[in-house]
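# A predicted structure for the sequence below; I have some questions about it.
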Amino acid sequence: MRKTKKSAAARNKRKTPISRALPDGAPIASQGRSPAHSKLDKILELVTRPSGATLDDLVEATGWQKHSVRAAITKISKSGIVTNLSSTREADGHRRYCASAIGAGLQEKDPRNG
């Protein structure tokens, strides 16, 4: 039996949604799960602390590998979810990520407003 190829749209469709925020920073629930328990929200919570978070803190909080945490940080930075995300290397060699505020980079569009 011959397999059919998936369209580009079908191949690129996200399997899991990412967390979204309203303009005031309040999270939007997605697919019936509490956004407070999503791993992306844990990352946002940790990097917006006054002291920020080390890569090791983020790995421990999410259970992800380091490269996955770095990819999530890149995603939230480029999409505008956080503003002023900075990364510094400490004297002991650990990397610390700090963000000053949660922005509204990923807002859900209301189909009635276009």
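Now that the structure is in, tell me what you want to look at. Numbering: from 1, shown residues only.

# with adjacent residues omitted, what lies nearest to Cys98?
Gly52 (3.3 Å; C-beta to C-beta, 6 or more residues apart in numbering). Bear in mind the C-beta positions are built from the backbone N, C-alpha and C, glycine included.

# give me the pLDDT value at that neighbour.
pLDDT for Gly52: 92.

# which ones are touching it?
Contacts for Gly52 (C-beta atoms under 8 Å, 6 or more residues apart in numbering) come out as 46, 96-99.

# ok, Ser87 - contacts?
73, 95-98.

# what sits against Ala71?
By C-beta under 8 Å, 6+ apart, Ala71 has no neighbours at all.

# how much space separates it from Tyr97?
Going from Ala71 to Tyr97 by C-beta to C-beta, to the nearest Å gives 13 Å.

# likewise Lys78?
14 Å.

# how many neighbours does Ser77 have?
By other C-beta atoms under 10 Å, 19 other residues sit near Ser77.

# ok, it touching Leu85?
Yes - using C-beta atoms under 8 Å, Ser77 is in contact with Leu85, at 4.6 Å.

# would you list every one of the strands in this structure?
20-21, 27-28, 53-54, 82-83, 86-89, 95-98, 101-102 (DSSP state E).

# give me the mean pLDDT for the last one.
Here the mean pLDDT over strand 101-102 is 73, rounded to a whole number.

# point out the other helices and strands that it packs with.
Counting by 3 or more C-beta pairs under 8 Å, 6 or more residues apart in numbering; DSSP states H and E, the packing neighbours recorded for strand 101-102 are strand 82-83.

# quick one: strands adjacent to the strand it packs on?
Paired strands of strand 82-83, with direction, are strand 101-102 (antiparallel) (DSSP bridges).

# bridging residues for Ser87?
Going by DSSP bridges, Ser87 forms beta bridges with Tyr97.

# could you report the separation of it from Gly63?
Distance of Ser87 to Gly63, given as C-beta to C-beta: 21 Å.

# same question for Thr74.
Thr74 is 19 Å from Gly63, by C-beta to C-beta.

# biggest helix in the chain, by residue count?
Counting by DSSP state H, the longest helix found in the chain is helix 66-78.
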